[in-house]
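Participant: just coords:
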């Protein structure tokens, strides 16, 4: 069935809402199990995947909840510039404080809201390029639920094949399911990216091309229709620029991704039309200028502040071996190639999407620390072509196949029913990685495994400490404790997160040595004199290798000693 391009019928809205609810339930199931298994003794921390990063998001929210409007790295003891990075999480923290909600609950409410918004915008985006209801729906289902063949590596016992986790378990930018599962700021960033593209790539009223001048323009009265078209172009360029400016506040380097996508889209259109549409070039340029301040701001901060420079240098997210991408997109990629090589006569408007497909494989191996994240959104054009290839090329062959003809001799089978099962089977095959992921993580939630679950005594200790510290204080604890600590305590830790702790590897090793049972009191005393440590926590995670006693160190006193936890105050 065909719809009007760029418009959604009531039937499509009903279908979309039902499937959005399904997607939100599926991606929330392990969290709901974790919340149900939470007890005062074993408390669910709020995350089942990317847990170290998840706690860092709560730490950022905690700063906002305590009144901060600008961000400082909670896992770094060195002074550094306060910035507007992570403004999204600061605002979420303020909302949690205003509504008197736990930070983790506020985070997941935001996840549900922005996931739903993203899924609506994705469907609307696919509708811009195809009038086929079947292509729209299948493309949306592929984008929402599909992964790659990473499950084959997992079942083969190769979770670190070619020195990398399977890409469909590693990169939320590459697979939308992971965004829906854990990252509301990425969901909002992609929503803004697509809204900007819809504004810039949407239908525009253009003045008719003619070799003759407009008579009214020659008389000096102007052309009203052309003026309206110019105003419309200006508005859409401003809207696109503002969307991408907001996107840049969330993830600054996505601006570079969208810039590359827009440029190749202009080139693709120029090749198809055999001329350059300078109105579109002007609109794209204006949108780019509006979007650029956050990217410029990021470069200035990183260039002028040594700690933020270290943060950027430690933020290493490199692309894995190309074979991982081939495995990740094998199923959908084959269908997309079919859709590209034999496109339907009038169903798609593909030049911009083809340009998007071509440019991203070049981006993800540029000499840049965060290569892997430059694949942002690439799954969307791939899925649109895959759905087209499936609907217009693969399924007609399937319907004419001998197997279908034989089965339809029986009353219980129909061509429509067998086609539906074929589509469902393909989707299940492409989403098998996430089925395994959900089962494994649900089992971990039932078992209350750390670090998703925290010792209830630890949380009580941290709440007490939060009432004693100043925001500029630095707390020393084990790496595992330090990662969770700023989610409760509004202060800084000595270590606790890879990229966000300056000199992270060295500090992690120093912290481990400080809490090692064989470390001498003299070494610990020299350590606390060298580093600006104000508090030390000694609990079960710090004493795994043996007892740790700091009482012999000068100017260190015990201020808390309960339930197997000690907190030491260092006088300066």
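Facilitator: Yep, it's here. Just so it is clear, the structure is predicted and the values come from calculations on it, not from any experiment.

Participant: who touches stretch 84-101?
Facilitator: The contact list for stretch 84-101, computed with C-beta atoms under 8 Å, 6 or more residues apart in numbering, reads 57, 60-66, 68-71, 102-103, 105-107, 109-110, 184-185, 188, 249-250, 297-298, 301. (Glycine included, C-beta is placed from N, CA and C.)

Participant: er, stretch 121-135 actually
Facilitator: In contact with stretch 121-135 (C-beta under 8 Å, 6+ apart) are residues 1-9, 11-12, 16, 136, 139-140, 143-144, 176, 191, 194-195, 197-198, 201-202, 347-350, 353, 380, 383-384, 387-388, 391-392.

Participant: for residue 353, which non-adjacent residue is closest in space?
Facilitator: Nearest residue to residue 353, sequence neighbours excluded (C-beta to C-beta, 6 or more residues apart in numbering): residue 381, at 4.0 Å.

Participant: ok, and what's touching the one helix or strand that neighbour maps to?
Facilitator: Using DSSP states H and E, residue 381 maps to helix 379-389. Helix 379-389 has contacts (C-beta under 8 Å, 6+ apart) with 122, 125-126, 129-130, 132, 134-136, 138-140, 142-143, 146, 174-176, 194, 329, 332-333, 335-340, 342-344, 347-348, 350, 353-354, 356-357.

Participant: one more pass at 6 Å, please.
Facilitator: 126, 129, 135, 138-139, 142-143, 332, 335-336, 338-340, 348, 353, 356-357 (C-beta atoms under 6 Å, 6 or more residues apart in numbering).

Participant: which of the residues you listed fall within strands?
Facilitator: Among the contacts of helix 379-389, no member falls in strands (DSSP state E).

Participant: which helix or strand in this structure has the lowest average pLDDT?
Facilitator: Within the chain, confidence by mean pLDDT, DSSP states H and E is lowest for helix 215-218 among all helices and strands, at a mean of 39.

Participant: I'd like to know which elements the following helix or strand past that one is packed against.
Facilitator: Towards the C-terminus, the helix or strand next in line after helix 215-218, according to DSSP H and E, is helix 224-250. Applying 3 or more C-beta pairs under 6 Å, 6 or more residues apart in numbering; DSSP states H and E, we find helix 224-250 packed against helix 184-201, helix 254-273, helix 278-291, helix 293-304.

Participant: avg pLDDT for the second one?
Facilitator: Pointing back at helix 254-273 there. What helix 254-273 shows for mean pLDDT is 94.

Participant: between it and helix 278-291, how big is the angle?
Facilitator: 180 degrees (axes from the mean of the first three to the mean of the last three C-alpha atoms, to 10 degrees).

Participant: any idea how far helix 254-273 is from the chain center?
Facilitator: Chain-centre distance of helix 254-273: 23 Å, with C-alpha atoms, centre = their mean, to the nearest Å.

Participant: give me the buried stretch members for it, please.
Facilitator: For helix 254-273, the neighbour count (16 or more other C-beta atoms under 10 Å) marks 254-262, 264-269 as buried.

Participant: Three-state assignment for residue 541, please.
Facilitator: Three-state call for residue 541 (DSSP: H, G, I helix; E, B strand; the rest coil): coil.

Participant: so it is in contact with residue 482, correct?
Facilitator: No: counting by C-beta atoms under 6 Å, residue 541 stays clear of residue 482, with 9.5 Å between them.

Participant: more neighbours, the two?
Facilitator: Legend: neighbour count by other C-beta atoms under 10 Å for residue 541 and residue 482, higher for residue 482 (26 against 20).
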